[in-house]
Structure formats: C-alpha cells, structure tokens
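Chemist: need coordinates for the below:
(2 chains, ligands or ions: 2)
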Amino acid sequence: MPNATFHSVATSVAGWSRRMFLTASATSLAVPLFARTSRAEAMDPQTARAKDPRDPANLALTVNGRKHQLALDARTTLLDALRERLGLTGAKKGCDHGQCGACTVLIDGRRVLSCLTLALVAEGRAVTTIEGLAKPDGTLHPMQQAFIDQDAFQCGYCTPGQILSAVSCVEEGHAANDAEIREYMSGNLCRCAAYPNIVAAIKQTKHSMREG
Amino acid sequence: MAADAAPEPKANMGQPVPRLDARLKVTGEARYAADFPVGNPAYAFLVTSAIAKGRIIRLDTESARAVPGVLDILTQDNTAELKEVKFGSGGASTSIQKLGPEIAHDGQIIAMVVADTFEAAREAAYKVKATYAEDKPSATFGDEGLKEEDATKVSERHKHVPKVGDADAALASADVLVDAEYGTPTQHHNPIELFATTCVWNGGQLTIYEPTQFVYGLKNSLAKKMDVAPENVRAISPYVGGAFGSKGQFTPRTGLVALAAKKLNRPVKLVVTRDQGFTTATYRAETRHHIRLGARRDGKITGYSHEGWEITSRPDAYVVAGVEDSARIYGFGAVQTKVNAVHADRNTPGFMRSPPVVPYIYALESAMDELAARLAIDPVELRRINDTMHDPITGKPYSSRSLMRCYDEAAKAFDWSRRNPEPRSMRDGDWFIGLGCATAVYPTHVGPAAARVRMLANGEVQVQIAAHEIGNGAYTVIGQMAAERLGVPLSSVKVELGDSSLPPAPVAGGSNTTASACSAVLKACDAIRVRLARSVATTDRGRAAGFAADNGQEMRADLFRRLGVGAIEEYAEFIPRGGKPDAVKQLYAGQVAMTGGPNGEKLMYAFGAEFVEVRINALTREIRVPRIVGAFAAGRLMNTRTARSQYMGGMIWGISSALHEATEIDKARARYVNDNLADYLVPVNADIDRVEVILVPEEDHEVNPAGVKGIGELANVGTAAAVANAVYHAIGIRIRELPIRIEKLLDA
Ligand code: FES
Ligand code: FES
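Modeler: Ligands and ions are numbered 1, 2, ... in the order given. Sure, this is the predicted structure:
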C-alpha cells in the first residue's frame, strides 16, 4: 500500500516532486528521508537503516509565511499536518486519495494535493492555504470575492480547494476560455455542482488578477 | 455583481443577496464537523468486513494492539453496553448495529481502533485480521435467494399505495398502449465531506461534532445508544459539507466513537474513509419498474399501472414507493400501483436526494415519451392534454400547480419548435443531435419547528433555530425572513443554526427547511412586532405594527423607548396545518412528523419542466449534454440567487443520474466495486456545459405561512428521463436502464 500511495504522488504532483518520487516509489517508504541529505538523524548510524518511520521526525513547515516547528510521524500527510497539528482546517479531506481536490494547497505557488504530499516533502517550501489567501487586513483575494459574487458554492466544502486551484488555473495561463477553464478545473470535484458558477468566477477574476 | 448568478426577482421572489456564510466559506473559516479543535484527541479508524454474509469465527487483534500508540480496539467483545436504536426515519439508518459475529453486508463495521495518532490507528486497523465462515450472498436483482414482499405489508412508512378505477380494463381497451420495464442503479450520495464524528465527554456531558441533517435526531439517538438522558448530549453541526440525504439518520459508527471517548476519558475523532462510507451509511437502492400506460388516439391517458421493485437489506424494509407521487401528476383515469421490497445481503438503503421521485418519475416520464412517440403527439402537448388541477386518485385539488407554464417558458427559451420529431433526423457533422424533455415534480413538505428571535433597540436581530446549513442557503433565507419581518437590513441579522442547544427544527430532508424554519421565525418575529405595537395607544397600533415599512428605524427606537426595554425576545413554536398538537414536543425528542405532498386537504407539489439537448458522436457514441434548460415554479422564492444555484446543482445531478452515476456490485460476493471518487463517476467541471434556470413566479398561501415550497429536490427529478428521451431522439435507441453509457449505444 505505501508504494501505491507514493506512485500516485509521482503522477499527480508535477515538476519538482515527480523525479524524486519516481525514485521513491521504486524503493521503499523511507527513501524520501534519505533524499533529504540534511536529515542525517533519519538514519540509525548503527545499522545505516531508516529509523522506525513512526518515530517523530522534526521538521519546519512554512505556511502562509509563518514558520512552524513540528515533530511528526513520518507518514503524516501535509493535509493532516495542517489540519490536525497546525489547526489550519481550511484544507479539507474529501478522499485522502488524490481523487477530489478538496485538499488543494499551493506549494511554491503551484497547486498540489496535500493528501498525497507528505509533510516532510513540504519542508523548506512555501505552503499557502486558503487561510493565507486574503490580505492580512482581511481584504479578500479577487478570486474569493468572485466566488461570492458568482455564488460558486453551496455547501462550501470543496470551496477552499476550488479557489486555490482557480488561482493556479489563472496563473498557469489555463483560463483562456470556458472550455479550457473547465478542463483545468476538473481535478476539483463539486458534488453540489456549482461548476458553471465556478467557471464564471474564474472569468470574472482573470483580468483583475493579471492587472494586480 | 454577476447577472447570471443573481437573477432579477420576479413576483413573489426575494432579493438575490449573497449568502450570509459566504465569507466564512471562501476564507476557510466555516467550521465543519471535523474542523472543530478539541483538546488532545485520540484518532479512530474503522475495520470493516470483507464478506457480505456469514460469521466472524476469529478476530485477531494482537498485532494491531502491538502497534505503538494504539490505545484501544472496540470489537463485539467490549461494546455490549451500546443499546439498539430503532431503525427508521428520525432514528437509525439500519438495524445492523452490532460488530458481529453475524455479518449481514459487505463493509459492516467489525472493529474500531483508537490510537494517539491517525497514522497509528490506520496502521493498526490494517493489522486486525478477521477469519470468516462465508455464506453465498444475494447481491441484487436476478440473484438467487432474494426475498420479495409487498411493501405495504412491511414498510414503516408506506401502508397503502394509490389505486382508482379498473386499470386493467382501461389498459385492455386503450387505443395505444405502452408496456415497458425500466431500471435504475445503486447510487451513493458521495458528499465531498466525509462522514466524521468527534465525541467529547465532560463529566456526564457528551458533546458530539458530526455533520448531520438533524441535530435533534442525532442528540436523541445518541442518548439512547449510550443510555444517558438526552439533556446530557449536545450535537453541534453548524456547516455540513454536502449531505443529500446521507447525513439524516443515526449510523452505527457514532455510538462507537462516543463509547471509545468515554472509556479513554479523552476526545476521540473519527473520519471515515471514502470507501468505508459506501457501506457504513446509506445509498439509493437499485429499482425496477413495470409500467403500462394506455391512451386514446387523441392523447388522453385512460389507464396507468406502475409496479416497482426496490432492493433493501435483509432486516429493514426500506422503500421509497414513489408511486405515491407519480400517480398524482397527470389526469390518468384509472390507476393501479404496487411496490415490492426485495431483500438482499446489502447494507440498508436510505434517503438520497428526492428519494421517491427520482426513480419512479424517471420511469414514468420515459414511458410518457414513448407514448408521445407512439401517438405521434408532441411530448409537451401530451403533458398539456393530461394536465390536471386535481388528484386523479382522490379528486382533491392542487393548492397550486404551474406545470404547463413551466413547459411553455422552458420550451420557448430552449427553442423546442426547431425539433424535428423524427428520431435520428437532426445531425451536425459527426454528431447526432437529440432534444428531449420531461416533468420535474416534488412534494411540498413542512414540519413543526421552533425559533427564538431577539431584537435590540438598535435594530440588531439574533435568530436561533437548530435548522441545518447543508448548502441550501439556510443561514441566508432564514436571515432574510427575519430582516423582512422586522424591517432591518440583513446585515443587522445574526443567525445561529445547527446546534441542539437551540430550539429545534426538523430534519433537513424532504426540502422542508425553508418552509418549516421560516414559518417558525416568521411567527417569532410577528410576536415581537405585536409586543412593540402594544406599547402605543390603540389608535396608533396599526401604524406601529407596520413599522417594518418606511421610517422603520425611528419608529422602532421610539417603541422600544416607550416599552422601556433594551431588547425583546420571543420564542415561537410552529405546527403546520394538519400537524399533531404535540408535534414540537415530539421534535424535541427527535421525532418529526411532516405533512404535505399528497396527505393534506389539498395536494401540495412543486413542478418544473426540463429540456435537454444531447449530442452523440456517430463514430464513438460519446454522449455530451451541451445544453439544459429548466423552468421551475415552487411558490415563494426567498432568494433568487440561492434558488438558482440549487436548481442548477439539481439539474447537474439529473445529468449525472442519466449518464454517469452507478455503484457497481460484484454479484458473486455482494461487494461494491467502485467505492471511490475516481471510479464512482460524478460530473467534473468539463462534463457540464450550459445550464439555464428559469424561475417561474407562483403564489401559494395554503402550503405554509411562508408560502414556500421546497426547491432542493425538485430539479434533479425527471432530468434523467429528459436525457434518455433526448438520446432516443438523437439516435433512435430507447435505453430503459440507467446510466446511459457508450456501450449501450454501440448497436445503433
Ligand atoms: S482529499 Fe486530497 S484529493 Fe481528495
Ligand atoms: S460546494 Fe458543496 S461540494 Fe462544492
């Protein structure tokens, strides 16, 4: 099972993580720890084997510009670390398997499924959650305002993920027309089916985001 | 402001104000059940059975217990103190509540591991090893070993089904007869929010955070389960991340979490995995239908016979019996109906968005299209010929009914007149084009409710009612009702919902929330107005009672001054017409008695008409829905923005029913195969194109004081038939079993 999980990460998170995880999936659960050369403490010097992954591993997570020092079971996903350890419950768990998009956050500005990302992998990278999207004075990001204007949600559970995905969709340049928006937003399920309003919100925002 | 999202209100429609909870929802601050912080929680993980029928002969928990951090493992051996909660509406979702040794369905809970961390609990759960003695299960229709019963003899809720005249004779002498069978598949609600439960004991007081459509039901059922007094239990659920019927009843996991928390004297948090949600809660059962529809040459229907079969579990006779509604919607002449409960080795099904009408109206509205084709009458005209203002069964009048106005408005917007009635006659390059339509209908329900409203002299208003925000816009429409009655801006109104320490509202099911909750809030607000009016001389009272109108602020301040108080608070109980005098008392005890639909002096229903364009690729048979138009009339609309969104979501649900959704079952083992969001198909954004909603004005003062009919379950009814009818028109094949997938069209 662990290998299956790693493989999913490899295919779903583009770019920087892909190579690293392809290596990981071919070997073992502990490999991501080895890959982190600064983390010598993850190895038991006596046996040169990974310590029990259950043992707390220390890491620093930077979320919404704030640095947090944590000791975590190495198997902890970024989603669970955010929700259960940092109290940032904006990112939602809808499947824990990379199938719904409710857990979408930004890592170094790119959209990532936090349920398929180990917390350890996010160390040293800038994580942005929905809680960090508005300005500190409370001014909403234009995408958040557009979701309100266009009524782009009902229950609101998929919404944090939709909004972060939508911000990325525009920044990636994948919002040229309705068809493209729909395609690039199809990783975020909305069971309330607010889809047409989500498309409208992205169209409303893409100009202001560019100007801003 | 966005024009599409905020339709201009027509007669009897409220303003499209943005949702009161919008900001909380776009900033991640809205707290869903699993978001509540509790001190030092332990984490639970369920273990579920790998067989559908048989017994556990050995449950080995030794290696699971050895996982570091494991605190406890609940099994059949240490959970005997949990009491049974009766199956049924307002109660338990199933009678199958024990962890063993008998196994009655696949995925039955057999153990729950509790550990210091989620990771440890999960690891240990996979190390619990069960050994079974397995019997051969019966999974679904066509299997050996099913038990079929007349539902009226065994169902808790359906003691009789509609019948009038001699349908057999009418059908035998009909000029034209449609005789056809239809089928619908198992579906799972799959709200994006997982089933979650957190329990916290504080001395003898138990607080539960669980997404629910009925906090009072949850509170009372949990009290029974734990054998404690209901006043010692508080259920909190201010936001529900989608429910669609799946969170309305008490499911077996909940008592386990409460018990574990009690034993450990520590908060315990469970988030059920997606696949476990398929078997530990309910679903929409698969159905079969045999319909006979007879008519004269001129299109007048003379006889309608409808027999339905519905899968359920072994112990529970859950049926939806949608003939209760389908038999009323046209002037049928003679009617006969029957519903059969078919017991299989499955978990107990339950309410899923528009439970009775989704399968039964799909079948009827497909048959109507077949009849129209046979008669060579336009499908819209066939509905017009058989439109009725009276119940064909009892002769009772409809309180209001705007079906044909919906048809006419939607047909016009859709440009139905361009349709060439000949199947396979419209083509655009490689694509066959098909146009189809169908009726949407939903019974108007209303239940008892209580509300507390407080108004301050400065115009601030607080509304408290344990109604439920499940995406239905409850905060917003309840706030609008109070703002309107008390003459204050919506921004001065604070609404509290979803907490069993507030006055009770019914289960958020049957689309009754706005009708019931707004009627109670209205009553409390009016009581405040009366008290304010009493403060002035009789001659001035008329003027004072109207303070909600112009000059509201000055008038209000003046009235408060005369009364010499800073705030007025009123608690009101609302019992709908036909409700029992102790209905609110029952509601406090977690029991809801709804009225409406076919049961009152008048028939109370909302109607709509939906038109669908499909495109089917001539080579690949890929099916697309480039456009759907729906027109709906449902009494007063509180807010055109939230109403449009609910209708839109409903129509997309209908498209999903027609083309996407089905839980596949491994027939040999009676297990769900596609129990995850990648394999259980629901529409993604790229599946949905133009969705147009037309709000048809309608006034109905008889349904309830608020004048509203439910809208959350109207728009996904009939859609599947409209799609199937469009598919027939496009390609000339009649698909009578949902969902319609490419492989079913290959023979064309
Ligand atoms: S929770 Fe991560 S994709 Fe569903
Ligand atoms: S708003 Fe409910 S799932 Fe998208």
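Chemist: what ranges do the strands span in chain A?
Modeler: Here chain A has its strands, by DSSP state E, at A:43-44, A:49-50, A:57-63, A:66-72, A:104-107, A:110-113, A:126-128.
Chemist: got the ones you listed as CSV, with distance to B:Arg122 columns?
Modeler: Just so you know, the C-beta spots here come from the backbone N, C-alpha and C atoms, and that holds for glycine as well. Listed next are the strands of chain A as CSV, based on distance: least, Cβ to Cβ, whole Å:
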stretch, distance to B:Arg122
strand A:43-44, 24
strand A:49-50, 19
strand A:57-63, 18
strand A:66-72, 15
strand A:104-107, 21
strand A:110-113, 18
strand A:126-128, 23
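Chemist: alpha carbons of the lengthiest helix in chain A, as CSV, please.
Modeler: Counting residues, the longest helix found in chain A (DSSP state H) is helix A:195-211. These are the backbone C-alpha positions of helix A:195-211, laid out as CSV (Å, rounded to 0.1, in the frame of the first residue of the first chain):
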residue,chain,number,x,y,z
TYR,A,195,-19.5,24.2,-11.8
PRO,A,196,-21.0,26.9,-14.1
ASN,A,197,-20.6,29.4,-11.3
ILE,A,198,-17.0,28.4,-10.7
VAL,A,199,-16.2,29.0,-14.4
ALA,A,200,-18.0,32.4,-14.1
ALA,A,201,-15.9,33.3,-11.0
ILE,A,202,-12.7,32.5,-12.8
LYS,A,203,-13.7,34.5,-15.8
GLN,A,204,-14.5,37.4,-13.5
THR,A,205,-11.2,37.2,-11.8
LYS,A,206,-8.7,36.5,-14.5
HIS,A,207,-8.5,40.1,-15.6
SER,A,208,-8.2,41.6,-12.2
MET,A,209,-5.5,39.0,-11.3
ARG,A,210,-3.4,40.0,-14.3
GLU,A,211,-3.7,43.6,-13.5
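Chemist: ok, and does that helix reach over to ligand 2?
Modeler: No: taking Cβ under 6 Å from any ligand atom as the criterion, helix A:195-211 and ligand 2 are apart, separated by no less than 8.4 Å.
Chemist: other residues contacting that helix?
Modeler: A:142-143, A:145-147, A:149-153, A:162, A:166-167, A:169-171, A:175, A:178, A:181-182, A:185, A:190, B:2, B:4-5, B:645, B:648, B:652, B:683-685, B:688, B:690-691 (Cβ atoms under 8 Å, 6 or more residues apart in numbering or on different chains).
Chemist: to B:Thr444, which of the strands of chain A lies closest?
Modeler: Counting by Cβ to Cβ, B:Thr444 lies closest to strand A:104-107 out of those; the figure is 38.7 Å.
Chemist: near B:Gln646, how many other residues are there?
Modeler: The number of residues packed near B:Gln646 is 27, by other Cβ atoms under 10 Å in any protein chain shown.
Chemist: am I right that it sits in a strand?
Modeler: No: membership of B:Gln646 in a strand is not supported by DSSP: H, G, I helix; E, B strand; the rest coil, which gives helix.
Chemist: so B:Cys199, which state does it fall into?
Modeler: strand.
Chemist: thinking again about what came up before, weakest of the strands of chain A by average pLDDT?
Modeler: Here the strands of chain A differ in mean pLDDT, and the lowest is strand A:43-44 at a mean of 48.
Chemist: who wins for proximity to B:Asp60 among the strands of chain A?
Modeler: Among the strands of chain A, strand A:49-50 comes nearest to B:Asp60, with 27.8 Å by Cβ to Cβ.
Chemist: rounded mean pLDDT for the helix or strand in which B:Val339 is found, please.
Modeler: Taking DSSP states H and E as the definition, B:Val339 sits inside strand B:334-343. For strand B:334-343, mean pLDDT rounds to 98.
Chemist: repeat that for stretch B:28-41.
Modeler: Stretch B:28-41 shows a mean pLDDT of 98.
Chemist: same check on stretch B:582-590?
Modeler: Here the average pLDDT along stretch B:582-590 is 97.
Chemist: now swap in stretch B:626-637 and tell me
Modeler: Across stretch B:626-637, the average pLDDT comes to 98.
Chemist: okay, the strands of chain A in CSV with mean neighbour count next?
Modeler: As requested, the strands of chain A are arranged in CSV below (neighbours: other Cβ atoms under 10 Å in any protein chain shown):
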stretch, mean neighbour count
strand A:43-44, 14
strand A:49-50, 14
strand A:57-63, 18
strand A:66-72, 13
strand A:104-107, 25
strand A:110-113, 24
strand A:126-128, 21
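Chemist: of all these, which lies closest to ligand 2?
Modeler: When the strands of chain A are compared by Cβ to the nearest ligand atom, strand A:104-107 sits nearest ligand 2, at 12.4 Å.
Chemist: which helices and strands sit right next to the closest one?
Modeler: On a contact count with 3 or more Cβ pairs under 8 Å, 6 or more residues apart in numbering or on different chains; DSSP states H and E, strand A:104-107 meets strand A:110-113, strand A:126-128, helix A:159-171.
Chemist: in its sheet, what does that strand sit against?
Modeler: strand A:110-113 (antiparallel), strand A:126-128 (antiparallel) (DSSP bridges).
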